[in-house]
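[1] Just a sequence and a predicted model for now, questions to come.
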Amino acid sequence: MNDTTPDSLIPYDDIVQDALRGVVSRVLRRIQKEGGLPGSHHFYIAFRTRAPGVSIPAHLKERYPDEMTIVVQHRYWDLVVADDHFSIGLSFNQMPATLVVPYDAIVGFVDPAVNFALQFAPKDGEAAPEPPEPESPPPAADPGGDGGNVVTLDRFRRK
């Protein structure tokens, strides 16, 4: 009897990842339809800034060249949910910006109000961003402005 598992000719992992990204899409569609977040729900959405189809202002891409996390809570506008991406208006250091994020670019989705989290692997052929060096601290949010829209998901990730 053979103890090794045969290689699958069906890409189950990719199918599951796509289905879970569909959860993000459905949640955002519901928020768009209802016109806002219910109760204390809010989302941290992490995405790869260099993934195909991502559109963010140059100053954000410079500050977050690999991965960025946005907070969808009180101060957002123009949430538009499409089949393969969403767009949203957010403020960064009191500067308004419109972001376009394909679902394939998302690497994490967290709703801390209910302790719900999803983590995604990069699509085939795309490398995950290199983790930062241990001695370099994560970028700090600007405490004086609306720059608190960017956070890290490290505390929510399984180690």
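    Everything's here; your move. The model shown is predicted, which means the values in this text are computed figures rather than measured ones. Numbering: from 1, shown residues only.
[2] burial of Gln73, as a residue count?
    Summarising burial for Gln73: neighbours were counted as other CB atoms under 10 Å, giving 16. C-beta: built from backbone N, CA, C; applies to glycine.
[3] thought it was touching Gly39?
    No. Applying CB atoms under 8 Å as the test, Gln73 and Gly39 come out as separate, 11.7 Å apart.
[4] gap between Pro122 and Arg63?
    Taking CB to CB, to the nearest Å as the measure, Pro122 falls 21 Å from Arg63.
[5] Okay, now the unreliable bits of this protein?
    1-3, 123-159 (pLDDT under 70).
[6] Do a quick rundown of the helices in it.
    12-34, 58-63 (DSSP state H).
[7] chain center to the last one, what's the gap?
    Taking CA atoms, centre = their mean, to the nearest Å, one finds helix 58-63 lying 16 Å from the centre of the chain it belongs to.
[8] hang on, the earlier thing: export the helices of the chain to JSON lines and append columns for mean neighbour count.
    Output for the helices of the chain, formatted as JSON lines (neighbours: other CB atoms under 10 Å):
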{"stretch": "helix 12-34", "mean neighbour count": "14"}
{"stretch": "helix 58-63", "mean neighbour count": "13"}
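[9] Nearest to Asp104, out of these?
    Nearest to Asp104 among those is helix 12-34 (7.1 Å), distances taken as CB to CB.
[10] Report the distance from that closest one to the chain centre.
    For helix 12-34, the distance to the chain centre is 12 Å (CA atoms, centre = their mean).
[11] And stretch 66-81, by the same measure?
    9 Å.
[12] first to last residue in that stretch, what's the distance?
    23 Å (CA to CA, to the nearest Å).
[13] And it, what's buried?
    For stretch 66-81, burial by neighbour count (16 or more other CB atoms under 10 Å) applies to 67-73, 76, 79, 81.
[14] can you list the helices of the chain in JSON lines and add distance to Gly89?
    What follows is the helices of the chain, written out as JSON lines (distance: least, CB to CB, whole Å):
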{"stretch": "helix 12-34", "distance to Gly89": "13"}
{"stretch": "helix 58-63", "distance to Gly89": "13"}
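[15] looking at those helices, which is closest to Val107?
    Going by CB to CB, the one of those nearest Val107 is helix 12-34, 10.3 Å.
[16] Just the strands from this protein, written as ranges.
    Secondary structure of the chain (DSSP state E): strands at 43-48, 67-72, 77-81, 85-92, 95-102, 106-111, 116-119.
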